[in-house]
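# Okay, structure incoming, though there's no sequence with it:
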């Protein structure tokens, strides 16, 4: 068994170095982003005039020259709904909060120069909407590509991935059976629990706490990547953005600490309400399947993010999808938790539903409200 564990760990390390090599190769083509807020215009008296920073308007305009942004993409991200027009024709007829437009595609339809108009029933300003253009650096001048610029984001992705995989390898070597038990996602939806690992029955054992901290590090790592590449103007997002590797590690530690604290707060909530509802025997069943649900979300998010950066896709296309996938999995978990409790206890529907409202549904709704 020890030989197989060592081979497994070696395979994971080899996979890590392969992924790092792929990341380095794929990131060889750098991207530059320009903020278009300084180009915003307002239509007054038959003319387009620059907008002052303090102005709040329902409609803003800016012009784009195709030759200046070859193969680029316009990203519009807002905390309020908006509609986009291109040369006074409808570009997005359904109100949105995030929109990505290909400059090449727009130029084919509207010519080399075109006007983008953003309209909303809410007042628009620099705080609740951002407009940027992202262009591949291979369209820049050759002399500007001689020296490779320091990229704190890329350095953070590679070094953070190495650290996390090494931690996972150490945990697997110390207790492979427990790790495989955590990764047994079938138990999330199985109504009858099979015999659990003896160690997993002790929620606050040292090895389980190490797993919680590792999961928090992975969750913080993925969230920080999404926040860094997402263009949302949310104050929480702005606080966790970084420019240097050292700043990235500080904010990663802070975000992971917040997530780890939320796990222990969640455990405390489950313990209190399980006592009140006479469901203390279900604490392990409830909490460990919650951890498995979080792990399942992290695995799916990690796969999607890996595909996004290998194929040079924009995270703006997938931020909403990641959110929907995560929310859907959690709602499935809550429904599964109800069925598990029905199968393993003798209480009636309203009693179990009240317990889940207190421990899962209400905290989850509050969390969604904070994030959005």
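Looks like it came in fine. Small disclaimer: the values here were computed from a predicted structure and weren't measured.
# got the buried residues for the biggest helix by length in the chain?
For the chain, the longest helix by residue count, based on DSSP state H, is helix 245-276. Within helix 245-276, the residues that count as buried by 16 or more other C-beta atoms under 10 Å are 245, 248-249, 251-252, 255-256, 259-260, 263, 266-267, 270-271, 273-274. C-beta here means a position set from N, CA and C on the backbone, and glycine is covered the same way.
# For it, name the packing helices and strands.
Helix 245-276 is packed against helix 152-174, helix 206-229, helix 283-310, with contacts defined by 3 or more C-beta pairs under 8 Å, 6 or more residues apart in numbering; DSSP states H and E.
# Enumerate the positions of the last one that are buried.
What it means is helix 283-310. Buried residues in helix 283-310, counting neighbours by 16+ other C-beta under 10 Å, are found at 283-298, 301-302, 304-305, 308-309.
# what angle separates that helix from helix 206-229?
Angle, helix 283-310 to helix 206-229, by axes from the mean of the first three to the mean of the last three C-alpha atoms, to 10 degrees: 40 degrees.
# Taking helix 283-310 as reference, get the angle to the helix or strand following helix 283-310.
Scanning forward in sequence from helix 283-310 by DSSP states H and E, the next helix or strand is helix 315-344. Counting by the same axes, to 10 degrees, helix 315-344 lies at 160 degrees to helix 283-310.
# how distant is helix 315-344 from the center of its chain?
Relative to its parent chain, helix 315-344 has a centroid offset of 15 Å by C-alpha atoms, centre = their mean, to the nearest Å.
# just checking, what packs against the next helix or strand after that helix?
Sequence-wise, the next helix or strand downstream of helix 315-344 (DSSP H and E) is helix 349-356. Counting contacts by 3+ C-beta pairs under 8 Å, 6+ apart, helix 349-356 packs against helix 315-344.
# Buried ones in the helix it packs on, by neighbour count?
For helix 315-344, by 16+ other C-beta under 10 Å, it's 315-316, 318-319, 322, 326, 329-330, 333-334, 336-338, 340-341.
# tell me which strands and helices it is in contact with?
strand 89-102, helix 206-229, helix 283-310, helix 349-356, helix 362-371.
# could I get these as TSV with mean pLDDT?
TSV is the format used below for these (pLDDT from 0 to 100):
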stretch	mean pLDDT
strand 89-102	74
helix 206-229	89
helix 283-310	86
helix 349-356	89
helix 362-371	82
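# Using JSON lines, lay out those together with distance to residue 165.
Listed next are those as JSON lines, based on distance: least, C-beta to C-beta, whole Å:
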{"stretch": "strand 89-102", "distance to residue 165": "32"}
{"stretch": "helix 206-229", "distance to residue 165": "10"}
{"stretch": "helix 283-310", "distance to residue 165": "11"}
{"stretch": "helix 349-356", "distance to residue 165": "35"}
{"stretch": "helix 362-371", "distance to residue 165": "27"}
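# give the contact list for residue 81.
95, 96, 97, 120, 121, 122 (C-beta atoms under 8 Å, 6 or more residues apart in numbering).
# With residue 210 instead?
Residue 210 makes contact with residue 171, according to C-beta under 8 Å, 6+ apart.
# try it again with 10 Å
Residue 210 makes contacts with 167, 170, 171, 174, 175, 178, as judged by C-beta atoms under 10 Å, 6 or more residues apart in numbering.
# what do you get for residue 241?
153, 224, 227, 228, 229, 230, 247, 248, 251.
# out of these, who's nearest residue 78?
Comparing the contacts of residue 241 against residue 78 with C-beta to C-beta picks out residue 230 as the nearest, at 12.4 Å.
# beta partners of residue 47?
residue 44 (DSSP bridges).
# Revised request: answer the last question for residue 114.
Applying DSSP bridges, one finds that residue 114 bridges with residue 64.
# Report how many residues lie close to it.
By other C-beta atoms under 10 Å, the residues close to residue 114 number 19.
# Could I get the contacting residues of it?
Counting by C-beta under 10 Å, 6+ apart, residue 114 makes contact with 63, 64, 65, 66, 86, 87, 88, 89, 91, 103, 106, 107.
# pLDDT weak spots in the stretch 1-150 of the chain?
Within the stretch 1-150 of the chain, the stretches with pLDDT under 70 are 1-31, 91-94, 136-150.
# What about residue 73, how many residues nearby?
Neighbours of residue 73 (other C-beta under 10 Å): 21.
# is it true that it touches residue 100?
Yes. Taking contacts as C-beta atoms under 10 Å, residue 73 lies within contact range of residue 100: 5.6 Å.
# on that earlier part again, just the buried ones from the contacts of residue 114, in PyMOL syntax?
The buried subset of those, as determined by 16+ other C-beta under 10 Å, is captured in PyMOL by this line:
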select buried, resi 64+66+86+91+103+106+107
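# I'd like to know which of the contacts of residue 114 is nearest to residue 79.
Comparing the contacts of residue 114 against residue 79 with C-beta to C-beta places residue 91 closest, at 20.0 Å.
# So residue 288 versus residue 352, what's the distance?
Computed as C-beta to C-beta, to the nearest Å, the residue 288 to residue 352 distance reads 18 Å.
# What of residue 157?
From residue 157 to residue 352 the distance is 43 Å (C-beta to C-beta).
# Over to residue 54?
On the measure of C-beta to C-beta, residue 54 and residue 352 end up 54 Å apart.
# With residue 331 instead?
From residue 331 across to residue 352, the span is 16 Å (C-beta to C-beta).
# Thanks again, I'm all set now.
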